[in-house]
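Student: Give me coordinates for this.
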Amino acid sequence: MYNRMRALGGNNLGAARGSDPSSVVRRLEKAPSLDTFSPGEKAWPSRRAFTFCFLLSAFFLSCGYHVAGRGDRLPPDIKTIAVPIFTNQSSTFRIEQKLAAAVTREFLERTKFQVTTNPAGADAVLKGAVKEVSRGVITYDLTTGRASSLQIQVNADVKLLDLHSNKVVYANPNFVFREEYQVSQTTSGLFEEDQAALDRLSRDVARTLVTDLLENF
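Tutor: Model prediction:
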């Protein structure tokens, strides 16, 4: 029904962001020995290769590279995250409630964190403000003249506060979600009046937001 327009970049250093650096070493351990190479082919010297991969692995680990979608690289004292209702500075009705509920669902389905709406007793609190929800027509139906696809953009200010240290452990004041959606000709012409569409938008924004948050550790 829709095409993902958000692409994640990465470094091409032998191990992509989000991959396990030790996998590079495991692949080299399975590399052919020198006597299996044909004449004229060059083999990578094993001692130099393992030294390089050891340093590369240490570099990735020190920079916090990890598998996306896992929460075990967050500060170890964070076990319970509070996700109160976001504030809504846009004109889209109830988007703050739907988005907070969708983020809670993402945390519960993808991580081992406990989630609550009340910061009291939580280890961290995720605060969010929906700054703007904009939409633009991409294509029109030539028969009806109505929009057949829209691009929806959500701008938000999000931060995760460690309540033990009172430090912000994640902050993205300019979080941007951008997605293309097909518009059903049987539903309301206004995207924000279609509750099913808003629910889907909230789920997609929440999925992207939680991924962005977890990938920054």
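Student: what comes into contact with the helix or strand harbouring Val115?
Tutor: Applying DSSP states H and E as the criterion places Val115 in strand 114-116. Outside of strand 114-116, the residues within contact range by CB atoms under 8 Å, 6 or more residues apart in numbering are 79-83, 104, 107-108, 122. No exception for glycine: its C-beta is placed from N, CA and C like everyone else's.
Student: and the very next helix or strand once past that strand, what other elements does it pack with?
Tutor: Remark: after strand 114-116, the chain's next helix or strand is strand 124-140, criterion DSSP H and E. Contact analysis of strand 124-140 by 3 or more CB pairs under 8 Å, 6 or more residues apart in numbering; DSSP states H and E lists strand 80-82, strand 87-88, helix 95-110, strand 147-162 as its packing neighbours.
Student: Neighbouring strands - and their directions - for strand 124-140?
Tutor: Strands adjacent to strand 124-140 in the sheet, as given by DSSP bridges, are strand 80-82 (parallel), strand 87-88 (parallel), strand 147-162 (antiparallel).
Student: in that strand, what counts as buried?
Tutor: 124-131, 133, 135 (16 or more other CB atoms under 10 Å).
Student: and these as a markdown table, adding distance to Asn174?
Tutor: Shown next, in a markdown table, are the buried residues of strand 124-140 (distance: CB to CB, whole Å):
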| residue | distance to Asn174 |
| --- | --- |
| Ala124 | 21 |
| Val125 | 20 |
| Leu126 | 17 |
| Lys127 | 15 |
| Gly128 | 13 |
| Ala129 | 12 |
| Val130 | 13 |
| Lys131 | 9 |
| Val133 | 15 |
| Arg135 | 19 |
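Student: how does this structure divide up, domain by domain?
Tutor: In terms of domains, the chain is parsed into 22-63, 71-214 (source: automatic domain parsing).
Student: Just say which of the ones you listed is most tucked in.
Tutor: domain 71-214 (a mean of 17; mean count of other CB atoms under 10 Å).
Student: would you turn the helices and strands packed on strand 124-140 into CSV with mean pLDDT and distance to Phe177?
Tutor: Putting the helices and strands packed on strand 124-140 into CSV (pLDDT from 0 to 100; distance: least, CB to CB, whole Å) gives the following:
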stretch, mean pLDDT, distance to Phe177
strand 80-82, 97, 20
strand 87-88, 97, 15
helix 95-110, 94, 10
strand 147-162, 90, 4
